[in-house]
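*Asks:* structure of the sequence below:
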Amino acid sequence: MSITEIERLVPTLEMPRTIRIYRPTELPADEALPVIYMHDGQNVFSGETASFGKGWEVHHALHTVQLHAMIVAIDSPDDGMDRYDEYAPWTDEALLMRTAYPSHRKTIGGNGKQYMHWIVHELKPYIDAQYATIPTDTTMIGSSMGGVISLYGLFAYPEVFTRVAALSTAGWANFSSLLEFIERSPGLSEDHRCYMDVGTKEVSGPMTENDYLHTNEVLAKAVQKKVQQAAYEIIPGAVHHETEWAKRMPDILRFLFSS
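*Replies:* So this is what the prediction gives:
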């Protein structure tokens with residue numbers, strides 16, 4: 001596996017962030033490929049860099065389904081609270097009581113819009129200029145809070161992201177704001193695809209299985225009213241962990257890229 005690492009300044013924290021770029025080495029460098037942007041980039045490939053010792057091994061999933069695509073994986077902030085800030089489009093005082101991290105902050109979140117603007121207007125143009133890509137074929141995938149910001153990205157920039165997968169979305173974060181944003185958004189074109197899922201044994205911090213199941217069901221129903229090609233899966237026994245997301249990736253990619 002060959003991964004190119006670059007550093008870029010993400011404006012939300014004004015500090016360099018590692019971006020890991022994977023392009024199948026067996027393909028010609030001038031072959032234009034679709035691009036998949038992923039959050040929590042340190043967890044996307046190898047367990048050596050993953051936060052909890054296990055990676056998604058997404059490059060293996062690409063080969064399993066024989067999908068020719070590039071991966072652009074953006075590392076999340078080292079600090080868990082900064083990650084909530086960056087992946088939550090709206091400030092949410094309720095997050096303080098729901099996160100798994102103790103904090104003396106009065107609010108959390110609100111940097112997600114700026115983060116997504118940076119991806120669309122700075123990172124994507126750079127990637128399209130430096131590599132052979134199909135600029136109109138862009139996907140975004142995230143899990144947990146990465147699912148929150150991915151769903152936001154789909155409806156904030158439908159002209160950019162034609163495919164989105166939100167795995168085990170932390171739907172309790174920014175729940176009311178995200179739901180209202182989706183409900184007020186226009187319906188997307190028949191070319192858009194959205195995959196969502198949640199396990200029956202997902203917990204994080206004080207959030208229970210029922211919190212995950214309920215919020216994901218409500219959000220998924222709202223998405224299905226706006227996206228013609230939308231899927232929502234409830235995974236029996238699945239917990240909130242990278243190993244579970246790695247198992248599901250081949251089927252997710254098949255759905256997103258099926259003709």
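*Asks:* and residue 6, that one's in a helix?
*Replies:* No - going by DSSP: H, G, I helix; E, B strand; the rest coil, the assignment for residue 6 is strand, not a helix.
*Asks:* the residue nearest to it when sequence neighbours are not counted in helix, strand or coil?
*Replies:* Using CB to CB, 6 or more residues apart in numbering and skipping the chain neighbours, the partner closest in space to residue 6 is residue 19 (5.1 Å). To be clear about C-beta, it is placed using only N, CA and C from the backbone, and glycine gets the same treatment. Assigned with three-state DSSP, residue 19 falls in the strand class.
*Asks:* ok, residue 19 - how many residues close by?
*Replies:* 20 (other CB atoms under 10 Å).
*Asks:* wait, what's in contact with it?
*Replies:* Contacts here follow CB atoms under 8 Å, 6 or more residues apart in numbering; on that basis residue 19 touches 5-8, 41, 72-75, 123.
*Asks:* mind putting these in a markdown table, pLDDT included?
*Replies:* Shown next, in a markdown table, are the contacts of residue 19 (pLDDT from 0 to 100):
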| residue | pLDDT |
| --- | --- |
| 5 | 95 |
| 6 | 96 |
| 7 | 96 |
| 8 | 95 |
| 41 | 95 |
| 72 | 98 |
| 73 | 97 |
| 74 | 97 |
| 75 | 96 |
| 123 | 98 |
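*Asks:* just to revisit the earlier point, distance of the residue nearest to residue 6 from residue 123?
*Replies:* 7 Å (CB to CB, to the nearest Å).
*Asks:* which residues do these two both contact?
*Replies:* By CB under 8 Å, 6+ apart, the residues touching both residue 19 and residue 123 are 8, 72, 74.
*Asks:* so who does the last one touch?
*Replies:* What that stands for is residue 74. 10, 17, 19, 37-39, 41, 119, 123.
*Asks:* at 7 Å what do you get?
*Replies:* Residues in contact with residue 74, defined by CB atoms under 7 Å, 6 or more residues apart in numbering, are 17, 19, 37, 39, 41.
*Asks:* residue 193: which of those is nearest?
*Replies:* residue 37 (15.0 Å; CB to CB).
*Asks:* so the closest one: helix, strand or coil?
*Replies:* strand.
*Asks:* who does it bridge with?
*Replies:* residue 72, residue 140 (DSSP bridges).
*Asks:* does residue 137 fall in a helix, a strand, or a coil region?
*Replies:* On the basis of three-state DSSP, residue 137 is classed as strand.
*Asks:* how many other residues sit next to it?
*Replies:* Neighbours of residue 137 (other CB under 10 Å): 16.
*Asks:* and for the one 3 residues further on?
*Replies:* Here the count is done by other CB under 10 Å, and residue 140 has 27 residues near it.
*Asks:* circling back: wait, which of the shared contacts of residue 19 and residue 123 is closest to residue 55?
*Replies:* residue 74 (14.8 Å).
*Asks:* with that, I have no additional questions.
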